[in-house]
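Enquirer: Can you look at this prediction? I've put the sequence above it.
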Amino acid sequence: MYRYDEFDHAFVNERVAEFRDQVGRRLTGELSEEEFRPLRLRNGLYLQLHAYMLRIAVPYGQLSPRQMRQLAMIGRKWDRGYGHFTTRQNIQFNWIKLVDVPDVLAALAEVEMHCIQTSGNCVRNVTSDPYAAAANDELEDPRVWCEILRQWSTLHPEFNWLPRKFKIAVSGAAEDRAATAFHDIGLRIVRGPNGENGFRVLVGGGMGRTPYVGQVIREFLPKEHLLSYVESILRVYNLLGRRDNLYKARIKILVNTLGIEKFREAVEDDWNATVKVGIDLPDGEVRRIASYFAPPDLPERAPRDEALAARRESDPGFATWYRNNVLPHRVPGYVSAVISLKEPGRTPGDASSDTMDLVADLAERFGHDEIRVNYTQNLVLPHVALADIPALYDALAEAGLAVGNNELLGDMICCPGLDYCNLANARSIPIAKEIAKKFEDPARQDEIGKIRVNMSGCINACGHHHAGNIGILGVDKKGTELYQITLGGSPKDDAAVGTIIGPGFRAEKVPEAIDTIVETYVENRNEGESFLETWRRVGAAPFKEALYGAR
Ligand code: HEM
Ligand code: SF4
């Protein structure tokens, strides 16, 4: 993983000292909340319903055990013993006291972490595939390019006051596990005409109140030009993006107002006029950064393990967990393991400090010291020897963490909603818990198969509801919480925004409505058909009939 050099350390420490001074002045009243607001937001500190919320960047979702233990310590010492992993692969603490924030930032700096650019109209944390360097369908490690983008975008003088926030995701595998089509810029590493790797560049995707799937601005960009090309996109956006209306300020609005052809023309013109030397990194520098991401030494092992196979036969709980939470690895005899943070009855994405400590231990024992945060709000150990899987499972089971629902219905994505967020219209966590209860039976979830259910507490769509196969959006209708359901969204290669199926449901009716939708799918599906395939084949009618027919 990338290691800070002296410059990075000095820079982050200076930022901590600067913010300590600003917090001090706020606490004495020298700074008003209005004056303090832009300063705190520059450091990822939000003021929410009940308390301050601190958003910590986890670059491309990668954590070392040491960093995870430090997060556990922060949760224990300065929060309420837990943190919330988010769909942008970050972690948020919801109960931080202002007076403690400088100490929290200092503790983060010790382990080479910070909160810079986790808020504000700048380039935010670059997200990526949680199985980078492990997946067996990977063309190239995307983290190298995430890190290059991170270094380039951090305090970039031209792009620190964009019209609005800016989110980039990079994927280097055949399957898109980073929802690249729902980002301001989505980068897919692809093979070019001469067999060399480069980027397919998507632009203008996003969620929020006006969801759009990103459009291809360039089918193939040679890798060496990534920075200059991204810079041209940002320059055009910075110049032409709307600053008069908060709701129309994202790049997706510009791209869709101009049309992709005109937007492309403006970007290509800028790019062709740009002197690229000094922006694009020389080959040696790319290689230097890539060297930080050398995968761990994984001596080849037997691709089959007899003890594991026997355990799958004798222990149905283990068999379910294995089937859903263990993914193939590029090296024979290894796998990636998903640690689900979606135990029924718990807040999706929350992890206690004890869980964080345990995951750090397990990463050291079984996972070659690597942990990833998945955008579906779970944790991943990317490199585990197949033979260690039963021991890993036992350790997780002892802590109540062997939840075998990865990508099943119980693996819901959910934003904080009205329990924490001051923009919320409705609760989302309690509804997610009720749905989880309705589908508690693991056998039923298994029978339903893979399905993505996402929920947001307001139209800002932090819970990716637009991209859910089933999306749930909390709205406020004359003081009553109502939940609007969308069907047919997808965050993957067949990215799509879900369609509203009909009138919303009251909170207590939502689990039943989800049940009806799922049953309609199961009744209508052909052998092996996914929810999306069935939805696309049969259309909305049977779902509408099942949900509203009797009305
Ligand atoms: C509780 C404090 C939070 C606040 C105040 C907040 C605010 C917002 C706002 C205003 C938007 C809409 C942006 C736009 O359309 O221009 C947004 C989008 C988004 N947020 Fe949050 N959010 C919060 C928490 C979260 C959490 C916990 C997550 C992850 C679970 C998250 C992830 C996202 C994502 C993925 C989007 C949609 C993608 C996009 O279009 O940018 N946010 N957020
Ligand atoms: S979707 Fe709305 S309620 Fe949920 S976290 Fe985002 S801003 Fe808050």
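Expert: Thanks, I have it. Ligands and ions are numbered 1, 2, ... in the order given.

Enquirer: Burial check on the nearest residue to residue 234 once chain neighbours are set aside, number of neighbours?
Expert: Nearest residue to residue 234 in three dimensions, chain neighbours excluded: residue 159, at 5.2 Å (C-beta to C-beta, 6 or more residues apart in numbering). (C-beta placed from N, C-alpha, C; glycine too.) Residue 159 is flanked by 19 other residues according to other C-beta atoms under 10 Å.

Enquirer: For this structure, give me the ranges with low pLDDT.
Expert: Residue ranges of the chain with pLDDT under 70: 550-551.

Enquirer: per the record, what domains does it have?
Expert: If you go by the TED database, the domain ranges for the chain are 6-110, 142-289, 306-399, 413-548.

Enquirer: How many residues are close by residue 397?
Expert: Neighbour tally, residue 397, other C-beta under 10 Å: 15.

Enquirer: How about the one 3 residues further on?
Expert: Residue 400 is flanked by 10 other residues according to other C-beta under 10 Å.

Enquirer: Residue 338 versus that one, what's the distance?
Expert: Per C-beta to C-beta, to the nearest Å, residue 400 is found 16 Å from residue 338.

Enquirer: How about residue 139?
Expert: As judged by C-beta to C-beta, residue 139 and residue 338 stand 22 Å apart.

Enquirer: for residue 255, same thing?
Expert: Between residue 255 and residue 338 the computed distance is 34 Å (C-beta to C-beta).

Enquirer: More neighbours: residue 139 and residue 338, which one.
Expert: Taking neighbours as other C-beta under 10 Å, residue 139 and residue 338 compare with residue 338 leading, 27 against 15.

Enquirer: State whether the more buried one is indeed within a strand.
Expert: Yes - if the criterion is DSSP: H, G, I helix; E, B strand; the rest coil, then residue 338 is within a strand.

Enquirer: Now do the contacts for it.
Expert: 324-327, 374, 378-380, 406 (C-beta atoms under 8 Å, 6 or more residues apart in numbering).

Enquirer: Just among those residues, which is most surrounded?
Expert: residue 380 (28 neighbours).

Enquirer: Isn't residue 520 up against residue 542?
Expert: Yes - using C-beta atoms under 8 Å, residue 520 makes contact with residue 542 at a distance of 5.4 Å.

Enquirer: Looking at the two, which one has more neighbours?
Expert: Remark: of residue 520 and residue 542, residue 520 carries more neighbours, 20 against 17, as counted by other C-beta under 10 Å.

Enquirer: residues near the residue nearest to the more buried one when sequence neighbours are not counted, how many?
Expert: Counting by C-beta to C-beta, 6+ apart, the nearest residue to residue 520 once its immediate chain neighbours are dropped is residue 546, at 4.4 Å. The number of residues packed near residue 546 is 18, by other C-beta under 10 Å.

Enquirer: Relative to ligand 2, how far out is residue 546?
Expert: To ligand 2, residue 546 is 27 Å away according to C-beta to the nearest ligand atom, to the nearest Å.

Enquirer: What are the boundaries of the helices in the stretch 101-250 of the chain?
Expert: 101-110, 143-153, 226-240 (DSSP state H, counting those that start in this stretch).

Enquirer: Pull the distance from the last one to the chain's centre.
Expert: Right, the one you point to is helix 226-240. 23 Å (C-alpha atoms, centre = their mean, to the nearest Å).

Enquirer: Could you do stretch 367-376 as well?
Expert: 12 Å.

Enquirer: any residues touching it, and which ones?
Expert: Counting by C-beta under 8 Å, 6+ apart, 1, 58, 61-65, 68, 85, 87-91, 127, 130-132, 177-179, 296, 298, 337-338, 359-360, 363, 379-384, 407, 411, 413 sit against stretch 367-376.

Enquirer: Please convert the buried members of these into ChimeraX selection syntax.
Expert: Selection of buried members from the contacts of stretch 367-376 for ChimeraX, criterion 16 or more other C-beta atoms under 10 Å:
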select :1,58,61,62,63,64,65,68,85,87,88,89,90,91,127,130,131,132,177,178,179,298,337,338,359,360,363,379,380,381,382,383,384,407,411,413
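
Enquirer: now, which of the contacts of stretch 367-376 lie close to ligand 1?
Expert: Residues of the contacts of stretch 367-376 in contact with ligand 1 (C-beta under 6 Å from any ligand atom): 87-88.

Enquirer: What about the contacts of stretch 367-376, which are in helices?
Expert: Using DSSP state H, the members of the contacts of stretch 367-376 that fall in helices are 65, 68, 359-360, 363.

Enquirer: Grab the two from those that are most spread out in space.
Expert: Greatest spatial distance in the ones in helices among the contacts of stretch 367-376: 65 and 359, 8.1 Å, computed using C-beta to C-beta.

Enquirer: one step back: can you lay out the contacts of residue 338 as CSV showing distance to residue 392?
Expert: Converted to CSV, the contacts of residue 338 look like this (distance: C-beta to C-beta, whole Å):
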residue, distance to residue 392
324, 14
325, 10
326, 9
327, 13
374, 17
378, 15
379, 12
380, 12
406, 14
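
Enquirer: quick one: which of the residues you listed is nearest to residue 166?
Expert: Closest to residue 166, out of all of the contacts of residue 338 and judged by C-beta to C-beta, is residue 374, at 22.0 Å.

Enquirer: if you skip the residues just before and after it, what's nearest to whichever residue of the stretch 51-200 of the chain sits closest to ligand 2?
Expert: Distance from ligand 2 to each residue of the stretch 51-200 of the chain (C-beta to the nearest ligand atom) is smallest for residue 86, at 8.9 Å. Closest residue to residue 86 apart from its sequence neighbours, by C-beta to C-beta, 6+ apart: residue 92 at 5.9 Å.

Enquirer: Spell out which parts of the stretch 251-400 of the chain neighbour ligand 2.
Expert: Applying the criterion C-beta under 6 Å from any ligand atom, no portion of the stretch 251-400 of the chain neighbours ligand 2.

Enquirer: Equivalent analysis for the stretch 451-551 of the chain, please.
Expert: Selection of the stretch 451-551 of the chain residues close to ligand 2 by C-beta under 6 Å from any ligand atom yields 456-458, 460-463.

Enquirer: Look up how far residue 168 lies from residue 4.
Expert: Residue 4 is 21 Å from residue 168, by C-beta to C-beta.

Enquirer: between the two, who's got more neighbours?
Expert: Neighbours were counted for residue 4 and for residue 168 using other C-beta under 10 Å; residue 168 has more, 25 against 15.

Enquirer: can you give me the strands for the stretch 401-550 of the chain?
Expert: 413-414, 453-456, 470-477, 480-487, 499-500, 505-506 (DSSP state E, counting those that start in this stretch).
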